[in-house]
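1. How does the following fold in three dimensions:
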Amino acid sequence: MQITQIILTVLLVLTSFVLTLFILLHKGRGGGLSDMFGGGVTSNLGSSGVAERNLNRITVVVALVWFTCVVVLGVLAKLAPAAV
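-> Just a heads-up that it's a prediction; the model follows:
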């Protein structure tokens, strides 16, 4: 069970960095922090290109892997006897 926790922890750290990167790659839609710093002028608000749709799909998959790692690590921590 120890090796599983190590693998899941490494996967969690990697997916955390990748998820942060993918979220930062998304286009700003306005109305948030991007407007505060002068990013309010945008065109093509309703349209989304192929690259943006693929980025959305990849982000969702990475987020699901991240969420699964968090849940499984939580379950493993709950099942493992407390080491004192």
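
2. From now on I want contacts and neighbour counts done on CA atoms only, so please keep to that.
-> OK.

3. Okay, Thr15 and Val62: tell me how far apart.
-> 6 Å (CA to CA, to the nearest Å).

4. can you check Leu25 too?
-> 14 Å.

5. The two: which is more packed in?
-> Just comparing Leu25 and Val62: by other CA atoms under 10 Å the higher neighbour count belongs to Val62, 18 against 13.

6. so is the more buried one in a helix, a strand, or just coil?
-> Three-state call for Val62 (DSSP: H, G, I helix; E, B strand; the rest coil): helix.

7. go on, Lys27?
-> Secondary structure, three-state DSSP: Lys27 is coil.

8. Report how many residues lie close to it.
-> For Lys27, using other CA under 10 Å, the count is 12.

9. for Pro81, same thing?
-> Neighbour count for Pro81, taken as other CA under 10 Å: 8.

10. Spell out the secondary structure type for it.
-> Going by three-state DSSP: Pro81 is coil.

11. what separates it from Val75, distance-wise?
-> 12 Å.

12. do you know how far Leu12 is from Trp66?
-> Distance, Leu12 to Trp66, using CA to CA: 6 Å.

13. now do Val60
-> Distance from Val60 to Trp66, by CA to CA: 10 Å.

14. what does Pro81 give?
-> To Trp66, Pro81 is 24 Å away according to CA to CA.

15. Can you list the low-confidence ranges for this protein?
-> Along the chain, the model assigns pLDDT under 70 to residues 29-48, 82-84.

16. Could I get the full set of helices for it?
-> Remark: helices assigned in the chain by DSSP state H are 2-25, 33-36, 50-79.

17. and the gap between the residue lying closest to Leu8 once chain neighbours are set aside and Lys27?
-> Closest residue to Leu8 apart from its sequence neighbours, by CA to CA, 6 or more residues apart in numbering: Cys69 at 6.0 Å. Cys69 sits 27 Å away from Lys27, going by CA to CA.
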